[in-house]
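> Okay, structure incoming, though there's no sequence with it:
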């Protein structure tokens, strides 16, 4: 079955009051909707509502409704407990409690599962990919599969900004997320199967499943090329400009949602006082899974998606210590003042032709990247 495509404006939170949202949610339950948690709350699903996780906000996109409780946080992330209600084909609706959190790349995601160890928790990041590292095949998380639709990112930002007090909560992750054994990074079938079904029909594959952006030479940002039709349309493709703030990134940010020239893909650009980066590329398809994420992917080289600050630190727990870095070699700058495990990636970002073009054509900077490049000299601060 072909998944429909639609160029949609970004959605806003419902104007319903929290009391009206809760009444609408309870009306669904009264009409026979099934509440289906996969964490420890599965023993008594309705207890979620009496334990501080009653929905107070509502967002709808492509026929899927998201009921969200108040924003909470633990030592790792800020999050909403959300109740995802997909369109009901027939019979009573199913309601899926999920955990929506903001990643450090400033994109809102849906956690797929959970691991606990003596060192703490690890939040599952969706489906997996395979690759080759040091001559060996490895399996790793495809984090982009957990990104929530770009069309609802601003709505989540809006609701997060409205929160005046954010309670600390270490219980929600276990109540809502399925706990996996240590070592399991792959999501479970309720996350992966909708993706498999959608992508089994090759007509749904964006660019035939091939990357829409790649580097001709690894480690060379200037060698970035786009597949025909998939470059961002800076002239006529800007569908949203929104504002956000981030202490790590130095204050005020602007978020741009920009369509590809052929409208089969869309890009999120974030412009801060220092950096410009692309944290997400998505399809313009309309099918969402019970996790609220798209079932159709857009493949890109992951070095295109390096955030303004990315992990770059020496892991002292190993003997000998090992450098852990997700910044292309040779391009790590100074560590963040907020999180010393992350380094400034400006030296890489400002050499990407698409970032230079964005600065010139969208931000109106005459010498695209020149100022930022002077502020972020190419150096290795932590290695």
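Cool, the structure landed. Values in this document were obtained by computation on a predicted structure and should not be read as measured data.

> Contacts only, for the residue nearest the centre of the chain.
With distances taken as Cα atoms, centre = their mean, the residue of the chain nearest its centroid is residue 147 (3.1 Å). Counting by Cβ atoms under 8 Å, 6 or more residues apart in numbering, residue 147 makes contact with 107, 108, 109, 280, 282, 293. C-beta coordinates here come from the backbone N, C-alpha and C atoms, glycine included.

> Among the residues you listed, which are located in strands?
Within these, residues falling in strands by DSSP state E are 108, 109, 280, 282.

> any weak-confidence spans in the chain?
Filtered on pLDDT under 70, the chain yields the residue ranges 90, 134, 367-383.

> tell me the helices in it, going along the chain?
Listed in chain order, the helices of the chain (DSSP state H) span 18-30, 47-50, 150-162, 172-176, 189-200, 346-349, 353-361, 370-375.

> could you dump the ones you listed to JSON lines with distance to residue 72 and mean neighbour count?
Output for those, formatted as JSON lines (distance: least, Cβ to Cβ, whole Å; neighbours: other Cβ atoms under 10 Å):
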{"stretch": "helix 18-30", "distance to residue 72": "15", "mean neighbour count": "14"}
{"stretch": "helix 47-50", "distance to residue 72": "13", "mean neighbour count": "15"}
{"stretch": "helix 150-162", "distance to residue 72": "11", "mean neighbour count": "20"}
{"stretch": "helix 172-176", "distance to residue 72": "6", "mean neighbour count": "22"}
{"stretch": "helix 189-200", "distance to residue 72": "22", "mean neighbour count": "16"}
{"stretch": "helix 346-349", "distance to residue 72": "32", "mean neighbour count": "25"}
{"stretch": "helix 353-361", "distance to residue 72": "34", "mean neighbour count": "19"}
{"stretch": "helix 370-375", "distance to residue 72": "35", "mean neighbour count": "15"}
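
> could those go into a markdown table alongside distance to residue 231?
Below are these laid out as a markdown table (distance: least, Cβ to Cβ, whole Å):
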| stretch | distance to residue 231 |
| --- | --- |
| helix 18-30 | 41 |
| helix 47-50 | 45 |
| helix 150-162 | 17 |
| helix 172-176 | 39 |
| helix 189-200 | 23 |
| helix 346-349 | 17 |
| helix 353-361 | 7 |
| helix 370-375 | 21 |
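
> Nearest to residue 244 among these would be which one?
Smallest distance to residue 244 across these (Cβ to Cβ): 5.4 Å, for helix 150-162.

> Just name whatever secondary elements the closest one is in contact with.
strand 57-61, strand 78-85, strand 94-102, strand 108-110, strand 238-246, strand 251-259, strand 265-271 (3 or more Cβ pairs under 8 Å, 6 or more residues apart in numbering; DSSP states H and E).

> And the contacts of it?
Outside helix 150-162, the residues touching it (Cβ under 8 Å, 6+ apart) are 8-13, 57, 59, 61, 66, 68, 71, 78, 80, 100, 102, 107-108, 148, 240, 242, 244-245, 255, 257, 266, 268, 280, 282.

> cutoff 6 Å now
Applying Cβ atoms under 6 Å, 6 or more residues apart in numbering, the contact partners of helix 150-162 are 8, 10-13, 57, 59, 61, 71, 108, 242, 244, 257, 266, 268, 282.

> do the same with stretch 290-308
3, 84, 86, 96, 98, 105, 110, 148, 191, 194-195, 198, 204, 206, 211-215, 249, 265, 275, 277, 279, 281-283, 285, 287, 289, 328, 345, 348.

> So which bits of stretch 168-188 are buried?
169, 172, 173, 175, 176, 177, 178, 179, 180, 185, 186, 187 (16 or more other Cβ atoms under 10 Å).

> Bridged to the closest residue in space to the second one that isn't next to it in sequence, which residues?
Put plainly, it is residue 172. Nearest residue to residue 172 in three dimensions, chain neighbours excluded: residue 81, at 5.5 Å (Cβ to Cβ, 6 or more residues apart in numbering). On the basis of DSSP bridges, residue 81 is bridged to residue 99.

> pretty sure residue 81 is touching residue 53, no?
Yes: contact status for residue 81 versus residue 53: in contact at 4.5 Å, counting by Cβ atoms under 6 Å.

> Between those two, which is the more surrounded one?
residue 81 (27 against 24; other Cβ atoms under 10 Å).

> about what we covered before: what residues are shared contacts of residue 81 and residue 53?
What both residue 81 and residue 53 touch, as defined by Cβ under 6 Å, 6+ apart, is the set residue 69.

> And for residue 275, the neighbour number?
Residue 275, neighbours per other Cβ under 10 Å, totals 24.

> quick one: it and residue 342, what's the gap?
Note on residue 275: its distance to residue 342, by Cβ to Cβ, to the nearest Å, is 12 Å.

> Just give me the neighbour total for residue 91.
Neighbours of residue 91 (other Cβ under 10 Å): 9.
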